[in-house]
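[1] return atomic coordinates for the entry below.
(one chain, ligands or ions: 1)
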Amino acid sequence: MPPIETIGVLGGGVMGAGIAQSLAVGGATVTVRDIEDKFIEAARSTIVDGRYGLKRGVERGKTSQEDADAALARLSFTTKVEDLKDVDLIVEAVPENIDLKRKVFTELDKVVNDDAIFASNTSGLTIVDITEAVSDARKPKFIGMHFFSPAPVMKLVELIHAERTSEETIQAIEALCTAAGKASVRVKDAPGKYGFVANRIYFAAVREAQAVLAEGIATSEDINKAMVMGFKWPVGPLAMVEGATKGWQ
Ligand SMILES: NC(=O)c1ccc[n+]([C@@H]2O[C@H](COP(=O)([O-])OP(=O)(O)OC[C@H]3O[C@@H](n4cnc5c(N)ncnc54)[C@H](O)[C@@H]3O)[C@@H](O)[C@H]2O)c1
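    This next block holds a predicted model:
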């Protein structure tokens with residue numbers, strides 16, 4: 001399979017904006033599609049001026065000005081799904097709702113060229129359930145591509161393969177991850193389970209932190225502090241969910 005060069009990202013929210021930025025920095029030409037101009041503007045502003053955006057990346061010495069300008073020049077934004085018809089890869093990052101994801105993929109399947117790979121950034125929905133939305137011919141080209149938040153910073157991408165996902169598809173996405181400076185792990189689709197590897201393990205810890213809080217053993221501040229100072233976690237178990245849902249401003 002030829003290398004992936006052009007990518008359409010569906011949804012320019014917390015994850016879509018960060019994914020688009022990461023892949024553009026990695027050298028791909030990326031088109032972000034959202035449903036209204038105001039969401040497009042928010043995505044552009046997150047990518048350019050956000051806490052983990054291109055400007056701050058240059059200020060912090062993570063990227064050169066030249067590379068940040070080149071990445072921005074490879075990014076475009078649209079509200080029209082037809083603008084994605086020629087891409088090599090779709091990465092879907094619309095809200096975590098199976099019906100919405102199926103609707104989006106059914107529409108894309110009709111518009112986007114037959115060779116394109118389809119990936120979902122679902123946090124935990126079963127890939128085979130989402131894949132029902134596309135034609136039989138697309139099923140070997142369907143994969144889960146689970147980024148972590150904030151996507152421009154976090155290295156990990158879980159690649160979830162359903163029974164019909166082809167080895168060729170997995171390898172093409174692994175190569176893309178490497179080109180974008182990401183580390184990938186292969187994860188088997190697990191119908192009936194929510195979450196893949198990292199979130200399943202992480203949320204077990206969050207549940208325990210909530211139980212400790214409910215039992216009145218420590219305050220939420222001290223629970224967070226205990227894990228940050230005791231185990232060098234970057235944020236405490238009760239603080240993570242806020243950043244993931246509201247974005248990192
Ligand atoms: N936030 C996280 O930490 C995180 C981490 C990993 C994976 N995820 C997953 O990523 C996905 C997106 O989550 P998010 O936090 O970025 O959500 P979000 O609400 O911040 O962004 C979703 C975006 O999708 C847009 N959208 C809605 N319908 C659309 C359509 N038909 N076409 C194109 N765009 C559309 C919305 O306008 C919005 O801008 C979810 O599946 C979520 O579970 C989230």
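
[2] select the longest helix from this structure.
    Ranked by residue count, the top helix of the chain under DSSP state H comes out as helix 198-214.

[3] convert it to CSV, retaining C-alpha atoms only.
    What follows is helix 198-214 as a C-alpha-only set of coordinates in CSV (Å, rounded to 0.1, in the frame of the first residue of the first chain):
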residue,chain,number,x,y,z
ALA,A,198,-4.8,2.1,28.4
ASN,A,199,-8.3,3.5,29.3
ARG,A,200,-9.6,0.2,30.7
ILE,A,201,-6.6,0.1,33.1
TYR,A,202,-6.6,3.8,33.8
PHE,A,203,-10.4,3.9,34.6
ALA,A,204,-10.0,1.1,37.1
ALA,A,205,-7.7,3.4,39.0
VAL,A,206,-10.1,6.3,38.6
ARG,A,207,-12.9,4.2,40.1
GLU,A,208,-10.7,3.3,43.0
ALA,A,209,-9.9,7.0,43.5
GLN,A,210,-13.6,7.8,43.5
ALA,A,211,-14.2,5.1,46.1
VAL,A,212,-11.4,6.5,48.3
LEU,A,213,-13.0,10.0,48.0
ALA,A,214,-16.5,8.6,48.8
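
[4] quick one: it near the ligand?
    No. Residues of helix 198-214 contacting the ligand under C-beta under 6 Å from any ligand atom: none, with a closest distance of 8.0 Å. Glycine gets a C-beta too; all of them are placed from N, C-alpha and C.

[5] what does that helix contact?
    Helix 198-214 is contacted from outside by 123-124, 148, 156, 158, 193-195, 218-220, 223, 227, 236-238, 240-241, using C-beta atoms under 8 Å, 6 or more residues apart in numbering.

[6] check those one by one and keep those near the ligand.
    With C-beta under 6 Å from any ligand atom as the criterion, the contacts of helix 198-214 include Ser123 near the ligand.

[7] restricted to helices, list the contacts of helix 198-214.
    Using DSSP H, the contacts of helix 198-214 in helices are 220, 223, 227, 240-241.

[8] hmm, which of those are the buried ones?
    Among those, those scoring as buried are 223, 227, 240 (criterion: 16 or more other C-beta atoms under 10 Å).

[9] looking at those, which is nearest the ligand?
    Comparing those against the ligand with C-beta to the nearest ligand atom places Met240 closest, at 8.6 Å.

[10] who's in contact with the closest one?
    Contacts for Met240 were tallied using C-beta under 8 Å, 6+ apart; they are 202, 206.

[11] now it: how far from Gly53?
    If you measure Met240 against Gly53 using C-beta to C-beta, to the nearest Å, the figure is 21 Å.

[12] got the domain boundaries for this protein?
    Described in terms of automatic domain parsing, the domain architecture of the chain consists of the residue ranges 6-188, 198-241.

[13] most packed of these?
    Each of the domains of the chain was given a mean neighbour count from mean count of other C-beta atoms under 10 Å, and the largest, a mean of 19, is that of domain 6-188.

[14] good, we can wrap up now.
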